[in-house]
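In: Give me a model of this one.
(2 chains)
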Amino acid sequence: MLKLGVPSKGRLMEQCFDWFGQRGITLRKAGSDREYAGAVDGAEGLELVLLSAGEIPRELAAGRIHLGVTGSDLIRDKLADWDRQVAELAPLGFGHADLIIAVPTSWPDVETLDDLDAAAAQFRRAHGHRLRIATKYHRLVRDFLTSNGVADYQLVDSQGATEGTVKNLTAEAIADITSTGETLRANHLKILADGLIHQSQATLYAARSADWGNGAPAVLASLAARLGITAPTL
Amino acid sequence: MAPKAEARAEADRLMAAFRAAGAVPVEADILQPAEVLLDLYGEDIRARAYVTNDPIRGEMMLRPDFTVPVVQMHMAGGADPARYAYMGEVFRKQEHLSERKSEYFQVGYEVFARENPEAADAEVFALFAGLLAPLGLRAVTGDIAILMAAVRGLNTLQSRKAALLRHIWRPDRFTRLLDRFGGRAPVPESRARLLAAIASGESLTDAPLLGLRSEAEIAARLAALREDAAHPPVPSDEVARLETLLNLSAKSPAALARLRDLSREMPAIQPAVDRMEARLAALATRGIDIDTLDFEASHGRTTLEYYDGFVFSFHAADPALPPVASGGRYDAMTVVLGSGRSIPAVGGVIRPGLVADLKGAA
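Out: This next block holds a predicted model:
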């Protein structure tokens, strides 16, 4: 059996079901609406596992599922050397969101990472601590800022309502996902001109460390043909 | 890879040699308060150190190195001068799948001394070179103080020099800043727009002030941007000389001769070059063959940012291996951790596990 992990609720789950449905594979919740058991029609040897989108990267890395759908932002943030742990099979064309860096609109002198770096140095001198950036995407943000040579900042963890942290004085800037930018504007924040860290979308991945013996490659090959994608070398 | 027992036995041998050289053995806690390390190294240390949480003491890190606790201990009341030796495990998270170890022994030797810093540099290097001699390693040296002096000597705004000095340890950004200050990179579009808006006197933003960064801070940076825009670029011959310096790589005597040439047009580096010459003389006195000793001006620019003088490392032939030993001078760190006091300091660490591996392979 080939295990496919899919987000267990909400719009992401429905769009996933639609995407597979359009390719002749029916995914559905088994039993009642509240039950997290899945069923598959139209694909031999494929088993549906419903999981929280945030846990799918971990399950893929551990090889407990063979395939999984989750945001490319979560894969890149949660897995070190993500492309050595999973193979990207297909972007699914939904769940679009940009991971960006935003600062208060009331900072006319900060429009680029260069400015952010200079403002961070100045902030540290004035306040005795590093400029705080609230985020839940620690790896992605840190790697991005390191590769762009930004110093004198610190990341503070924010698992939700991140746009409010500046007003609440728990951070000076944020790194978060946005699709329309409306929440940012409502909270008087603006995106840095070169502050796009990652353009995320729901993506189908294969786990490199899953058990690919026992007929799994054959199931993957026929599934890939049905989905119109190239089966990866794992 | 050598088993832990072999690494420990090698560590004991090195520790005995450091004690014989006059060092007092010291210990450091494995659990270190994260705040000091974060304040010193910045967010990058989070990618390298294991962070854990103590219900009372807050965020703690598994010791990523000994330098910070040893400096703290010394600054809290050590002898003057002082020599310390230590050994123990350090812990480094590996962010990439690799053979590199996340837990290994370090044996270190640190000298805190006000008199004759070049002699102290030579003492540490020669001690390491002697202990590592049987392994046939390649030693590389550098001197961050020369780079810092060169930046300080540029004929340009203090704010530009401060920005370059801040980024000596981030070569990419350093290059980008130098390109901009030297007028080789165009003014970013957003900056040009902002400067035009300031000049026209229009209101820059109607957004409500948000967060801790004050109106005065914003005004101060806007003034600094105006000053920067009004100031001519760093002269191109100065930029070219700085780049020549950064790219200098030669055997020590040839490197010294090149630096002497450069210092005729860059007088600001002269005192630092004099110190390098004194260091080479001190190394030769201690039996180091300086004619074959490599000098790379940019050596040490990609390590954690606390070395501010002589830097060195010892490498095995296999480029995939981390340095077997490394060290340098970190006078500025004693200022940061000394709460008002400071003392010149130089030291280094050897990885006994790698020494044991290389001995085993030989």
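In: Could you pick out the residues of the stretch 101-250 of chain B near chain A for me?
Out: Contact residues, the stretch 101-250 of chain B versus chain A (Cβ under 8 Å from any Cβ of the partner chain): B:162-163, B:166-167, B:170, B:172-174, B:176, B:188-191, B:194, B:197, B:204-205, B:207-214, B:217-218, B:220-222, B:225. From N, CA and C alone the C-beta is placed, and that goes for glycine too.
In: Sort out for me which of those residues are in strands.
Out: With DSSP state E as the criterion, strands contain none of those.
In: how deep is the residue in chain A that chain B sits nearest to tucked in, by neighbour count?
Out: Closest residue of chain A to chain B, Cβ to the nearest Cβ: A:Gly149 (2.7 Å). Number of residues near A:Gly149 (other Cβ atoms under 10 Å in any protein chain shown) recorded here: 20.
In: List the residues that contact it.
Out: A:Gly149 sits next to A:Asp117, B:His167, B:Arg170, B:Asp172, B:Arg173, B:Phe174, B:Arg176 when contact means Cβ atoms under 8 Å, 6 or more residues apart in numbering or on different chains.
In: how about 10 Å then?
Out: Residues near A:Gly149 by Cβ atoms under 10 Å, 6 or more residues apart in numbering or on different chains: A:113-114, A:117, B:166-167, B:169-177.
In: likewise B:Met73?
Out: B:Val26, B:Glu27, B:Ala28, B:Phe66, B:Ala82, B:Tyr84, B:Tyr86, B:Leu337.
In: among the contacts of A:Gly149, which ones are buried?
Out: A:Leu113, A:Asp114, A:Asp117, B:Arg166, B:His167, B:Trp169, B:Arg170, B:Arg173, B:Phe174, B:Arg176, B:Leu177 (16 or more other Cβ atoms under 10 Å in any protein chain shown).
In: how about those residues in TSV, adding distance to B:Leu321?
Out: Putting the buried ones among the contacts of A:Gly149 into TSV (distance: Cβ to Cβ, whole Å) gives the following:
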residue	distance to B:Leu321
A:Leu113	34
A:Asp114	36
A:Asp117	33
B:Arg166	31
B:His167	28
B:Trp169	23
B:Arg170	25
B:Arg173	28
B:Phe174	27
B:Arg176	31
B:Leu177	33
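In: what's the domain layout of chain A?
Out: With domains defined by automatic domain parsing, chain A comprises A:2-96+A:202-227, A:97-200.
In: out of those domains, which comes closest to B:Thr302?
Out: When the domains of chain A are compared by Cβ to Cβ, domain A:97-200 sits nearest B:Thr302, at 11.4 Å.
In: Measure how buried B:Leu222 is and give me the count.
Out: Using other Cβ under 10 Å, B:Leu222 is surrounded by 17 other residues.
In: contacting residues around the closest residue to it other than its chain neighbours?
Out: Leaving out its chain neighbours, the residue that sits closest to B:Leu222 by Cβ to Cβ, 6 or more residues apart in numbering or on different chains is A:Asp109, at 5.2 Å. Contacts for A:Asp109 were tallied using Cβ under 10 Å, 6+ apart; they are A:103, A:115, A:118-119, A:122, B:191, B:194, B:198, B:204-205, B:213, B:217-225.
In: of these, buried ones?
Out: Those of the contacts of A:Asp109 that meet the buried threshold are A:103, A:115, A:118-119, A:122, B:191, B:194, B:198, B:205, B:213, B:217-218, B:221-222, B:225, by 16+ other Cβ under 10 Å.
In: can I get the domains of chain A in a markdown table with distance to B:Ala272 and mean pLDDT?
Out: What follows is the domains of chain A, written out as a markdown table (distance: least, Cβ to Cβ, whole Å; pLDDT from 0 to 100):
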| stretch | distance to B:Ala272 | mean pLDDT |
| --- | --- | --- |
| domain A:2-96+A:202-227 | 40 | 92 |
| domain A:97-200 | 24 | 96 |
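In: Tell me the one among the buried ones among the contacts of A:Gly149 nearest to B:Tyr50.
Out: B:Trp169 (22.6 Å).
In: Report the distance from the longest helix seen in chain A to the chain centre.
Out: Longest helix of chain A, by residue count under DSSP state H: helix A:113-127. Relative to its chain's centre, helix A:113-127 lies at 29 Å (Cα atoms, centre = their mean, to the nearest Å).
In: Give me the phi and psi for the most centrally placed residue in chain B.
Out: Centroid-nearest residue in chain B: B:Tyr307, 2.9 Å away (criterion: Cα atoms, centre = their mean). Dihedral angles of B:Tyr307 (phi, psi; degrees, to the nearest 10) stand at phi -70, psi 130.
In: pretty sure it is touching B:Gly142, no?
Out: Yes - shown here, B:Tyr307 and B:Gly142 form a contact pair, counting by Cβ atoms under 10 Å, at 8.7 Å.
In: residue contacts, B:Arg19?
Out: The neighbours of B:Arg19, taking Cβ under 10 Å, 6+ apart as the test, are B:Pro25, B:Arg83, B:Ala85, B:Tyr109.
In: correction: A:Gly68
Out: With Cβ under 10 Å, 6+ apart, A:Gly68 has these contacts: A:3-7, A:49, A:51, A:53, A:55-61, A:75, A:86, A:89, A:203-207, A:210.
In: Just the ones of those in helices?
Out: Using DSSP H, these in helices are A:Ile56, A:Pro57, A:Arg58, A:Glu59, A:Leu60, A:Ala61, A:Ile75.
In: Determine which two of these are furthest apart.
Out: Going by Cβ to Cβ, the pair spanning the ones in helices among the contacts of A:Gly68 furthest: A:Glu59 and A:Ile75, at 11.5 Å.
In: Counting neighbours, go ahead and name the busier of those two.
Out: Shown here are A:Glu59 and A:Ile75; by other Cβ under 10 Å, A:Ile75 has more neighbours (22 against 19).
In: Tell me which stretches of chain B form strands.
Out: Going by DSSP E, chain B shows strands at B:24-25, B:31-33, B:51-54, B:58-62, B:82-91, B:103-112, B:138-143, B:249-251, B:294-296, B:310-315, B:325-329, B:345-350.
In: and A:Gln15, which of those is closest to it?
Out: strand B:51-54 (36.2 Å).
In: what lines up beside that closest one in the sheet?
Out: If you go by DSSP bridges, strand B:51-54 pairs up with strand B:58-62 (antiparallel).
In: The partner strand: which residues count as buried?
Out: Applying 16+ other Cβ under 10 Å to strand B:58-62 flags B:Met60, B:Met61, B:Leu62 as buried.
In: ok, of the residues you listed, which one's closest to chain A?
Out: B:Met61 (14.0 Å).
In: Now chain B against chain A: closest residue?
Out: B:Arg173 (2.7 Å).
In: Spit out the contact partners of that residue.
Out: Per Cβ under 10 Å, 6+ apart, neighbours of B:Arg173: A:Leu113, A:Asp114, A:Asp117, A:Ser147, A:Asn148, A:Gly149, A:Val150, A:Ala151, B:Ala163, B:Leu164, B:Arg166, B:His167.
In: B:Ala162 versus that one, what's the distance?
Out: Here the criterion is Cβ to Cβ, to the nearest Å. By it, B:Arg173 lies 14 Å from B:Ala162.
In: Give me the neighbour count for B:Ala216.
Out: B:Ala216: 9 neighbours (other Cβ under 10 Å).
In: now do A:Pro232
Out: 14.
In: so which of the strands of chain B gets nearest A:Arg142?
Out: A:Arg142 sits nearest to strand B:51-54 of all the strands of chain B, at 12.6 Å, using Cβ to Cβ.
In: circling back: quick check on the contacts of B:Arg19: which are buried?
Out: Applying 16+ other Cβ under 10 Å to the contacts of B:Arg19 flags B:Arg83, B:Ala85, B:Tyr109 as buried.
In: contacting residues around the first one?
Out: By that I understand B:Arg83. Residues near B:Arg83 by Cβ under 10 Å, 6+ apart: B:18-19, B:21-24, B:109-113, B:120, B:123-124, B:347.
In: Which of those are buried, as a ChimeraX select command?
Out: In ChimeraX, this line selects whichever of these come out buried by 16+ other Cβ under 10 Å:
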select /B:18,21,23,109,110,111,112,113,120,123,124,347
